[in-house]
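J.: Kindly generate the corresponding structure for this input.
(chains A, B and C)
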Amino acid sequence: MTISTEIRELNDNSFWGHDVIVEDDVQIGKYTILHPGTRICKGSRIGSHCEIGVPSDLADSKGLTISPHSLIRSHSVFYEGSRFGDHLTTGHRVTVRENTIAGSNFQIGTLSDIQGHCEIGDHVRFHSNVHIGQGAKIGNFVFIFPYVVLTNDPTPPSNNLSGVTVEDFAVIATMSTVLPGVKIGKDALVGAQSLVREDVPAGMICVGVPGKNVGSTSKIKLKSNGESAYPWRRHFHRGYPERVVNEWKEEFACPD
Amino acid sequence: MTISTEIRELNDNSFWGHDVIVEDDVQIGKYTILHPGTRICKGSRIGSHCEIGVPSDLADSKGLTISPHSLIRSHSVFYEGSRFGDHLTTGHRVTVRENTIAGSNFQIGTLSDIQGHCEIGDHVRFHSNVHIGQGAKIGNFVFIFPYVVLTNDPTPPSNNLSGVTVEDFAVIATMSTVLPGVKIGKDALVGAQSLVREDVPAGMICVGVPGKNVGSTSKIKLKSNGESAYPWRRHFHRGYPERVVNEWKEEFACPD
Amino acid sequence: MTISTEIRELNDNSFWGHDVIVEDDVQIGKYTILHPGTRICKGSRIGSHCEIGVPSDLADSKGLTISPHSLIRSHSVFYEGSRFGDHLTTGHRVTVRENTIAGSNFQIGTLSDIQGHCEIGDHVRFHSNVHIGQGAKIGNFVFIFPYVVLTNDPTPPSNNLSGVTVEDFAVIATMSTVLPGVKIGKDALVGAQSLVREDVPAGMICVGVPGKNVGSTSKIKLKSNGESAYPWRRHFHRGYPERVVNEWKEEFACPD
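T.: Numbering: from 1, shown residues only, chains lettered A, B, ... in the order given. Predicted coordinates for the structure are as follows:
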């Protein structure tokens, strides 16, 4: 473990402030800045040109800990005052503001912009360029695809913020907007380029501008074999822990 | 006042070209480049990994002055040939091209992309990831929310560019597109994920794809107290000068 | 020609790995990283804060060559395993993942995100913030405008990926989404903020959410002179080689 007690420049041209802790088996990219109060836990890699632990008066707690076995790609900016489980993985140029509380195995795609003051479960995956407004509550195993915006102000601009809720296993396809206070139910699917104005019940499909609930996801079949495409955990297991995948296999096992 | 007459490297690992002026009480982030002809006025802070005053043959004037008390966050790129009032504030990774002429207290959100050759009034606020096409004319106190695009080419690609006009106090909600030459009137509201093809009269709401003018903004009420949400300056005052807020309070004062 | 055989820091604060080749008449910006196996060919300029040739296990081939007379603007990230023709030009903060195979004179706008495993012809132009999903096949002289997403997963998330095809001279206007496996025909036009679910035949216009084919592009006239705006090569020639423009002039010559 390396503990830096004063500002210094590393051999490889990254900068550490004082009160920075870098644990064993960590790589820090060139031209990356670790602000005071940052801790990078064992087995993590931080890309080049990042800024980690940006100080902020808006942060509920001081400093920032990047949990073990995380990978933060280049040009990303993380403010202080957030918490993440292990195996955080990001694309390039991600922004994560203060007071983002997320579980393990969180994936954040390139250019995504998390405005902070939000809660995110385990195994959540954001693709590129996802925008998460403050106050969002996101469950476990949620998928959000590129250019989706979760809003929070029903009468912009105002001080009446109301975040979006997304329950476990829900999927929001690309270029969709979810209006303030809306709840996307468990196993629900929002189709591409939809404007979601009302709650989407569990297991339902919402599509269109404005979005309409058009039936159960069970009617959508996989092209490859004609079986149900949803809940997606019936067939899509890439990158999830073996324990979890085995539960899913049991949940959807055929009787024969 | 510091005047740099030759290229050199600062102690803190930012770079200044020749003919750079950095006034008193200024902070320049690490790994930031100030190009020749840049002036950073008193009380301003420039984040890390920025490029300020990028030279360009397209610029109507040489050099770039960042006005007093500005804050430019990390990874931003400003070309030469623009002008800003004081208290410019930006998020991260903002791009501002040549010949952007903006007033005071201009806020530009993370990842916003201003294509230049445009006019912007005082107290304008862009949230994250706003795209402003060339030729836009934006009034005072305008709000533009994430992933809004102001276009300028009615028959892309062509040389017949026609910018968008947005008048004072107008609001454009997230993920909307405004087509070339359209005028959004004073106090108008464009709803989320709308495609604005025709002018929106003052004080009207436009929603949908294609966008339709569906009535006066006066019918939209605040959730908190049931009073009119628009014009928004009736109730939303955060960050505006006291003098301005007092005018608004007088404008909308109740008779009792 | 400069051949670097060990990691070193340049005078101007960029980094080269070993096995990097920088040909004559090349400029490399400050704080830019050239990974091992990178070759920058003659007459090219790489901006500041870039990462070129990022190593990846997903790359079909090792290393990355930036062809002659290319211009990569600041904060861009290119992975190894892609191929480009000469005169590649990018905006700022572009991401290009592994196995992108593109022709000559390829222009990529600021913030665009090319996910790799795709094929792109000659003289293709992407404006800002274009997102290209894996498996896309894009012809020659294609124009794609800001915030367009080419998708590839009909039942997200799944392993049944099916890329989008865009044929020669086609135009996709801003904020449109193209669903998986869809083909946009030669000379076709997708209007702004459209959701393209079905193939668009050659020379047809598709608009709306969901997108509908509403007729021939020949009915769209230029504002300037009332002549047909499409195929756009009738009137728009900026930046194309004289040889190509002369062919276009001949193709659309009036009989008198």
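
J.: low-confidence ranges in chain A?
T.: Within chain A, the ranges that satisfy pLDDT under 70 run A:1-13, A:254-256.

J.: Write out the residues of chain A neighbouring chain B.
T.: Chain A comes close to chain B at residues A:9, A:15, A:31, A:33, A:49, A:51, A:75, A:77, A:93, A:95, A:111, A:113, A:115, A:129, A:131, A:147, A:149, A:151, A:154-160, A:162, A:175, A:177, A:179, A:193, A:195, A:209-210, as judged by CB under 8 Å from any CB of the partner chain. Bear in mind the C-beta positions are built from the backbone N, C-alpha and C, glycine included.

J.: For ChimeraX, what selects the buried ones among those?
T.: The buried residues among the residues of chain A next to chain B can be selected in ChimeraX (16 or more other CB atoms under 10 Å in any protein chain shown) with this line:
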select /A:15,31,33,49,51,75,77,93,95,111,113,115,129,131,147,149,151,154,155,156,157,158,160,162,175,177,179,193,195,209,210
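
J.: Look up phi and psi at A:Glu251.
T.: phi -60, psi -40 (degrees, to the nearest 10).

J.: swap that for A:Arg233, please
T.: Dihedral angles (degrees, to the nearest 10) for A:Arg233: phi -70, psi -10.

J.: picking that back up, so which of the residues of chain A next to chain B belong to strands?
T.: A:9, A:15, A:33, A:51, A:77, A:95, A:113, A:131, A:149, A:177, A:195 (DSSP state E).

J.: Can you lay out those residues as JSON lines showing distance to A:Arg233?
T.: As requested, these are exported to JSON lines (distance: CB to CB, whole Å):
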{"residue": "A:Glu9", "distance to A:Arg233": "47"}
{"residue": "A:Phe15", "distance to A:Arg233": "43"}
{"residue": "A:Ile33", "distance to A:Arg233": "39"}
{"residue": "A:Glu51", "distance to A:Arg233": "36"}
{"residue": "A:Val77", "distance to A:Arg233": "33"}
{"residue": "A:Thr95", "distance to A:Arg233": "30"}
{"residue": "A:Asp113", "distance to A:Arg233": "28"}
{"residue": "A:His131", "distance to A:Arg233": "26"}
{"residue": "A:Val149", "distance to A:Arg233": "26"}
{"residue": "A:Thr177", "distance to A:Arg233": "26"}
{"residue": "A:Leu195", "distance to A:Arg233": "27"}
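
J.: Can you name the residues bridging to A:Leu71?
T.: Beta-bridge pairing for A:Leu71 (DSSP bridges): A:Arg45, A:Thr89.

J.: How about the contacts made by it?
T.: Residues near A:Leu71 by CB atoms under 8 Å, 6 or more residues apart in numbering or on different chains: A:44-45, A:88-90.

J.: what sits against the residue of chain A found nearest chain B?
T.: Closest contact between chain A and chain B, by CB to the nearest CB, is at A:Thr155 (3.8 Å). By CB under 8 Å, 6+ apart, A:Thr155 lies in contact with B:220, B:222-223, B:229-230, B:232.

J.: one more time with 6 Å, if that's ok
T.: Residues counted as contacts of A:Thr155 (CB atoms under 6 Å, 6 or more residues apart in numbering or on different chains) are B:222, B:229.

J.: next one: A:His117
T.: For A:His117, the contacting residues are A:99, A:134, by CB under 6 Å, 6+ apart.

J.: quick one, phi psi at it?
T.: The phi/psi pair for A:His117 (degrees, to the nearest 10) reads phi 50, psi 50.

J.: For chain C, what's its nearest residue on the stretch 151-256 of chain A.
T.: Nearest residue of the stretch 151-256 of chain A to chain C, counting by CB to the nearest CB: A:Ala229, 3.8 Å away.

J.: any idea how far that residue lies from A:Glu251?
T.: Distance of A:Ala229 to A:Glu251, given as CB to CB, to the nearest Å: 16 Å.

J.: Of the two, which one has the most company?
T.: Neighbour count, other CB atoms under 10 Å in any protein chain shown: between A:Ala229 and A:Glu251, A:Ala229 has more, with 25 against 10.

J.: residues near the residue lying closest to A:Phe143 once chain neighbours are set aside, how many?
T.: Closest residue to A:Phe143 apart from its sequence neighbours, by CB to CB, 6 or more residues apart in numbering or on different chains: A:Val171 at 4.5 Å. Look at A:Val171: counted by other CB under 10 Å, it has 25 neighbours.

J.: which residues does A:Val171 contact?
T.: A:Val171 neighbours (CB under 6 Å, 6+ apart): A:143, A:189, C:156.

J.: Next: A:Gln27.
T.: A:Arg45.

J.: hang on, the earlier thing: compare the contacts of A:Leu71 and tell me which is most surrounded.
T.: Counting by other CB under 10 Å, top hit in the contacts of A:Leu71: A:Thr90 with 25 neighbours.

J.: contacting residues around that residue?
T.: Contact analysis of A:Thr90 by CB under 6 Å, 6+ apart lists A:72-73, A:76, A:108.

J.: With A:Ile33 instead?
T.: The contact partners of A:Ile33, by CB under 6 Å, 6+ apart, come to A:15, A:51, B:48.

J.: Any idea what it is bridged to?
T.: Applying DSSP bridges, one finds that A:Ile33 bridges with A:Phe15, A:Glu51.

J.: hang on, A:Val245 in a helix?
T.: Yes - when DSSP: H, G, I helix; E, B strand; the rest coil is applied, A:Val245 is found to be in a helix.

J.: Tell me how many other residues surround it.
T.: A:Val245 is flanked by 15 other residues according to other CB under 10 Å.

J.: Could you tell me how far it is located from A:Arg233?
T.: Taken as CB to CB, the span from A:Val245 to A:Arg233 is 8 Å.
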